[in-house]
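> please find the sequence and the predicted model below.
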Amino acid sequence: MRRKRALIIAFTGFLGLLVVFLYFTPFAGNIVEHTRFQGYARSIGINIIKKSPPLPNATSGQTQIPVIQSTYCWGNLGCADYADVETMLKGVTPTTINPTEDIEISFEYKVAPNSLIIQQYVDGKPIQIPLQGGSFRAPKEKGIYKYRISADFSKGDTSAVFVIEVR
């Protein structure tokens, strides 16, 4: 009976260590972003390692437009499906842009994307916006405009969303 109990305790301990190992990176003391333990780990000072596909930069003149990671399939990170553009941008403060101002899209990633697509969302439906030299013009009419950037690389594909307000 004692031997059986000792085996059960040892096996449970082994499973516990295995679970901890699976959530922690190979470097002790770090935890990968987007795991169940992230909030607790951050609260006790454990370093969070950010792993994600490259995010694009969106700029208009000197104004940096914040982008939000969206759906991707990227190398050993696997695939992640995010909510639709409208849902992802709900509650996000739009960046103010002047009418017809150029908006430039670029990546700091060492390899340029094989393809780059910009879509404007009108009533939840995507409309492809033509790019000229990696940029496009903001609309003439005042209003709030939502966009999705999709890029295809040899290592995978990634997308991001952003919102602007033309004044």
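That came through, no problem.
> so who does Gly143 touch?
With contacts defined as CB atoms under 8 Å, 6 or more residues apart in numbering, Gly143 is in contact with Glu165, Val166. C-betas here are computed from N, CA, C, even on glycine.
> so the residue nearest the centre of the chain is in which element?
In the chain, the residue lying closest to the centroid (CA atoms, centre = their mean) is Gln69, at 2.2 Å. Assigned by DSSP states H and E, Gln69 belongs to strand 68-74.
> so for that strand, mean pLDDT?
Mean per-residue pLDDT for strand 68-74: 92.
> what comes into contact with that strand?
By CB under 8 Å, 6+ apart, the list of residues contacting strand 68-74 from outside reads 52-53, 55, 79-82, 85, 88-89, 92, 148, 155-162.
> list every C-alpha atom in that strand, with coordinates, as PDB.
Provided in PDB are the C-alpha atoms of strand 68-74 (Å, rounded to 0.1, in the frame of the first residue of the first chain):
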ATOM      1  CA  ILE A  68      -3.200  45.700 -33.300                       C
ATOM      2  CA  GLN A  69      -2.100  42.100 -34.000                       C
ATOM      3  CA  SER A  70      -4.800  40.100 -35.800                       C
ATOM      4  CA  THR A  71      -5.000  36.600 -37.400                       C
ATOM      5  CA  TYR A  72      -1.700  34.900 -38.300                       C
ATOM      6  CA  CYS A  73       0.000  31.600 -39.200                       C
ATOM      7  CA  TRP A  74       3.700  32.100 -38.500                       C
END
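> gap between the two ends of stretch 112-125?
Taking CA to CA, to the nearest Å, stretch 112-125 runs 28 Å from one end to the other.
> so which bits of it are buried?
Buried positions in stretch 112-125, judged by neighbour count with 16 or more other CB atoms under 10 Å: Pro113, Leu116, Ile117, Ile118, Gln119, Gln120, Tyr121.
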